[in-house]
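**Student:** Take a look and give me a structure for this.
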Amino acid sequence: MIISPCISICKTDPTTGYCYGCGRTIEEKKNWKLPETTDQWKKDNIIEIKKRLKGWQLESFEESYTYKVNHGISLFKKNLKNE
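**Tutor:** Numbers count the residues shown, from 1 in each chain. As a prediction, the model looks like this:
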């Protein structure tokens, strides 16, 4: 199973159409939820996302997504629980 790249920062950039948190388009977010979407498509989409993100945004995504894969929760949600 491929973990969704959503890192719980869900706002779309009006210029690019990409989510500020995960870098996906609205259409890509929908595809992740479809039962017929393959793991290969998801792996390829994560590679594409990482190509879109730059600088601190890529670093933030990498850190939070890695944490989510390893712990089952994004850093953003973890930090909300600790407040």
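
**Student:** Quick check: phi and psi on Leu80?
**Tutor:** In terms of degrees, to the nearest 10, the main-chain angles of Leu80 are phi -60, psi -40.

**Student:** Check the gap between it and Thr16 for me.
**Tutor:** 26 Å (Cβ to Cβ, to the nearest Å). Just so you know, the C-beta spots here come from the backbone N, C-alpha and C atoms, and that holds for glycine as well.

**Student:** Kindly report the same for Trp32.
**Tutor:** From Trp32 to Thr16 the distance is 18 Å (Cβ to Cβ).

**Student:** More neighbours: which of these two?
**Tutor:** Using other Cβ atoms under 10 Å, the more surrounded residue of Trp32 and Thr16 is Trp32, with 16 against 11.

**Student:** mind checking pLDDT for that one?
**Tutor:** Trp32 is assigned 97 on the pLDDT scale.

**Student:** and if you look at Asn82?
**Tutor:** Taking Asn82 on its own, its pLDDT is 76.

**Student:** and it, how far is that from Lys50?
**Tutor:** Counting by Cβ to Cβ - Asn82 and Lys50 are separated by 27 Å.

**Student:** where along this structure do the strands fall?
**Tutor:** Counting by DSSP state E, the chain forms no strands at all.

**Student:** Give me the longest helix you can find in it.
**Tutor:** helix 55-71 (DSSP state H).

**Student:** elements contacting that helix?
**Tutor:** helix 39-52, helix 75-81 (3 or more Cβ pairs under 8 Å, 6 or more residues apart in numbering; DSSP states H and E).

**Student:** For the longest one, which helices and strands make contact with it?
**Tutor:** The one in question is helix 39-52. If you count contacts as 3+ Cβ pairs under 8 Å, 6+ apart, helix 39-52 packs onto helix 26-33, helix 55-71.
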